[in-house]
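*Asks:* sharing a model prediction with you, sequence too.
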Amino acid sequence: MSKLIENRYEFVLLFDVQDGNPNGDPDAGNLPRIDAETGHGLVTDVCLKRKIRNYISVLKNGAAPFEIYVKEKAVLNNQHKRAYQALGIDTEKKPDSKKNTEKSEEARMWMCKNFFDIRTFGAVMSTGDFSCGQVRGPVQIT
C-alpha cells in the first residue's frame, strides 16, 4: 500500500510552451485558454490533475491500489457499484436509503483503498443509488 501523505507541501510548477496548446478550451473550439489581461496562456487545475492521473496510470499499469477513478468516457456510478459488490452487497435492486447510508462509509473506505486519485485529490461520490460519500484529498491544485 502506498504511504499516506502526512504533511502539507506546496509546489510551484513553471513551464514554458511555445506554439503549443497544453490546455485547450472545448467551449472555444479548443483554442488555448488565455488570461484576458496579460495575454499569457492558462493551464487549469483539472488539466494538471489529468496529467498526474495519466502518469500514474501508465507507471502503475492501472492496478489496485493505483486504479484511476476519473477516466475518459467512464461512468463513475459503475465504480460505486464495484465498491458495494466488493463488500458483498446486492446491487441488482435499489438499496434502502437507511441501509445505504450505513454502508456508504465502508464503500468510501474501499474506494480510497483502491483508487489513487480519490486518495490524492478527493472526490464527490454521492451520485446514483450507491453513494460512497465524499473525500477531501490532501493534494489541492489551484
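*Replies:* Here it is on my side, so go on.
*Asks:* remind me what the longest helix seen in the chain packs against, helices and strands.
*Replies:* Counting residues, the longest helix found in the chain (DSSP state H) is helix 97-114. Packing partners of helix 97-114 (3 or more CB pairs under 8 Å, 6 or more residues apart in numbering; DSSP states H and E): helix 76-86, helix 116-121, strand 134-136. Backbone N, C-alpha and C define where each C-beta goes, glycine included.
*Asks:* got the contact list for the first one?
*Replies:* By that I understand helix 76-86. Among residues not part of helix 76-86, those counted as contacts by CB atoms under 8 Å, 6 or more residues apart in numbering are 69-70, 91, 95, 103, 107-108, 110-111, 114-115, 125, 127-132.
*Asks:* how about a cut-off of 7 Å?
*Replies:* Contacts of helix 76-86 from elsewhere in the structure, counted by CB atoms under 7 Å, 6 or more residues apart in numbering, are Tyr69, Thr91, Lys103, Ala107, Trp110, Met111, Met125, Thr127, Gly128, Phe130, Ser131, Cys132.
*Asks:* could you measure the nearest residue to the fifth one once chain neighbours are set aside against Arg53, distance?
*Replies:* When the adjacent residues along the chain are set aside, Trp110 lies closest to Ala83, with 4.4 Å between them (CB to CB, 6 or more residues apart in numbering). Taking CB to CB, to the nearest Å as the criterion, Ala83 is separated from Arg53 by 19 Å.
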